[in-house]
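Undergrad: dropping the sequence and predicted coords here.
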Amino acid sequence: MIERDIAPWVQKNATWFPVLSITGPRQSGKSTLVRALFSDYQYVNLEDPGTLAMALDDPVGFIRNKPSRLVIDEAQLAPELFNMIQVVSDEVGTPGQYVLSGSQNFLLLKQVTQSLAGRVALLKLLPFSYKELNQANQRVELHDFICRGGYPRLYDVGIPPEVYYENYLETYITRDASGYVDPRNLGLFRSFIVACATNCSNLLNLTGLANDVGVSVPTARSWLSMLEASYVVFLLQPYHANLRKRLTKTPKLYFYDTGLLCHLLGIHTADQMMASKQRGAIFEDLVIEETVKRHLNAGRQPQLFFYRDDSKIEVDLVDMTDASAPELVEIKSSATYRPAFARHLSHVGELLGVDTSGQSIVMDASETTVVNGRKVWSMTDWLLRS
């Protein structure tokens, strides 16, 4: 098993809260993680028909007859269990009693927030980060990682990414979306995911996405919410502050995994990626998604934004996660530094009170340097940050 950076944070939360909820995209390694970290707990998987039938038929008896150190996988399939978990966890009164995981995150989080508020730690496990793979001596070359992505099964059995992602999409559509999307629209839903990929790293335009696919704007909004809840895509919000500037209010659209993004764009090799018109958007997605992973794995809630005003002055990433050391980041797919890359950092840094030591440029360069007091990171060094 490749060690996950989030493991110490998960274990620490188990000493604080009676219930842990671990969500994340399908096949991100949730079951493997909880079984490794809580090997002394009883493990049940509600995708087993017999186990699910018992849980649904007698939720009270199901929980009462299990030990109070229990892992329930795909817990969202039996929502009746959550009230009993609340009752028993309150009776016992000790931390680390139940670990709940699931892939249908919108269902699991709904049950958790309704029944277990104040008793549960909410944790997110995303696919492998570049740092996790390199710490495990996988020696994945950066451009190959971009196209391959971080889903564990790609590294467990060496399945070709194009085979893996095609099956992943079919599984996602048939298992997760079929209950919420009219079966007649599943083909359109797949087209909507592709449209999101072609608009990655851009300002969200729901009307444009809806028109591209041929559905209504409310349908596009609903489908986007499903993709967010399933950790396929996320929205990066614009930075807002009490500035004498008119700032954009529209978020930008990103994917949680560049491997899936590249597959949707028809990119299957590093050479194709480097030659693609979408290269800049893919590199931008990579840096931002990996920054999200770095913070989540360390137990920090990411506070990430972008800056854009009506003068078209823009900075790709504003990281306010550590309010005492905010960062401004420009992201470039070029291997050659240009002074123009820093032209907006000075202006935005002055507006937001971020000096040059907190201003960075991340590039597809071979090494990290410092130019005029700003760090110019190689992409690899940025992804390996602690």
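TA: Now that the structure is in, tell me what you want to look at.
Undergrad: residues in contact with the host helix or strand of residue 85?
TA: Using DSSP states H and E, residue 85 sits within helix 81-92. By CB atoms under 8 Å, 6 or more residues apart in numbering, the residues outside helix 81-92 that reach it are 18-19, 55, 59-60, 62-64, 68, 72, 75, 97-98, 100, 111-112, 114-116, 119. Yep, even glycine has a C-beta here, placed from its N, CA and C like the rest.
Undergrad: in strands, which of those residues appear?
TA: Among the contacts of helix 81-92, the members found in strands (DSSP state E) are 19, 72, 98, 100.
Undergrad: specify the beta-bridge partners of the second one.
TA: When bridges are called by DSSP bridges, residue 72 pairs up with residue 44, residue 100.
Undergrad: who touches residue 110 in this structure?
TA: residue 76.
Undergrad: what's the distance between it and residue 209?
TA: 25 Å (CB to CB, to the nearest Å).
Undergrad: repeat for residue 144
TA: 30 Å.
Undergrad: neighbour count winner among those two?
TA: Neighbours per residue (other CB atoms under 10 Å) separate residue 144 from residue 209, with residue 209 holding more: 22 against 13.
Undergrad: where does that one sit: helix, strand or coil?
TA: helix (DSSP: H, G, I helix; E, B strand; the rest coil).
Undergrad: in this structure it contacts residue 200, no?
TA: No - assessed by CB atoms under 8 Å, residue 209 is found out of contact with residue 200, at 11.6 Å.
Undergrad: sorry, back to before: show me the contacts of helix 81-92 that map onto helices.
TA: Mapping the contacts of helix 81-92 onto helices (DSSP state H) picks out 55, 59, 60, 62, 63, 64, 111, 112, 114, 115.
Undergrad: next, count neighbours for the fifth one.
TA: Counted with other CB under 10 Å, the burial measure for residue 63 works out to 23 neighbours.
Undergrad: one more: the third one?
TA: Other residues within reach of residue 60, judged by other CB under 10 Å, total 13.
Undergrad: what do you get for residue 282?
TA: Neighbours of residue 282 (other CB under 10 Å): 23.
Undergrad: can you tell me which residue is nearest the centre of this protein?
TA: residue 256 (4.3 Å; CA atoms, centre = their mean).
Undergrad: quick check: pLDDT value at it.
TA: Per-residue confidence (pLDDT) for residue 256: 97.
Undergrad: so which of the ones in strands among the contacts of helix 81-92 comes closest to residue 299?
TA: Residue 299 has its nearest neighbour among the ones in strands among the contacts of helix 81-92 in residue 19, at 17.1 Å by CB to CB.
Undergrad: got the contact list for that closest one?
TA: Contacts for residue 19 (CB under 8 Å, 6+ apart) come out as 85, 89, 97, 98, 99, 100, 112, 116, 119, 120, 121.
Undergrad: in this structure, which spans are strands?
TA: Counting by DSSP E, the strands of the chain are 19-23, 42-45, 70-73, 98-101, 120-124, 233-238, 252-255, 304-308, 314-319, 327-331, 359-363, 369-371, 374-378.
Undergrad: any idea of the mean pLDDT in the first one?
TA: Confidence for strand 19-23, expressed as mean pLDDT, is 93.
Undergrad: tell me the strands beside that strand, with direction?
TA: strand 98-101 (parallel), strand 120-124 (parallel).
Undergrad: among those, which is the most enclosed?
TA: Stretch with highest mean neighbour count among these: strand 98-101 (a mean of 27; mean count of other CB atoms under 10 Å).
Undergrad: can I get it in PDB, CA atoms only?
TA: Extracted C-alpha coordinates of strand 98-101, given in PDB (Å, rounded to 0.1, in the frame of the first residue of the first chain):
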ATOM      1  CA  TYR A  98     -17.400   4.600  13.800                       C
ATOM      2  CA  VAL A  99     -15.800   5.200  10.500                       C
ATOM      3  CA  LEU A 100     -18.200   5.800   7.600                       C
ATOM      4  CA  SER A 101     -17.100   5.900   4.000                       C
END
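Undergrad: can you give me how far stretch 250-268 is from the chain middle?
TA: In terms of CA atoms, centre = their mean, to the nearest Å, the centre of stretch 250-268 is found 12 Å from the chain centre.
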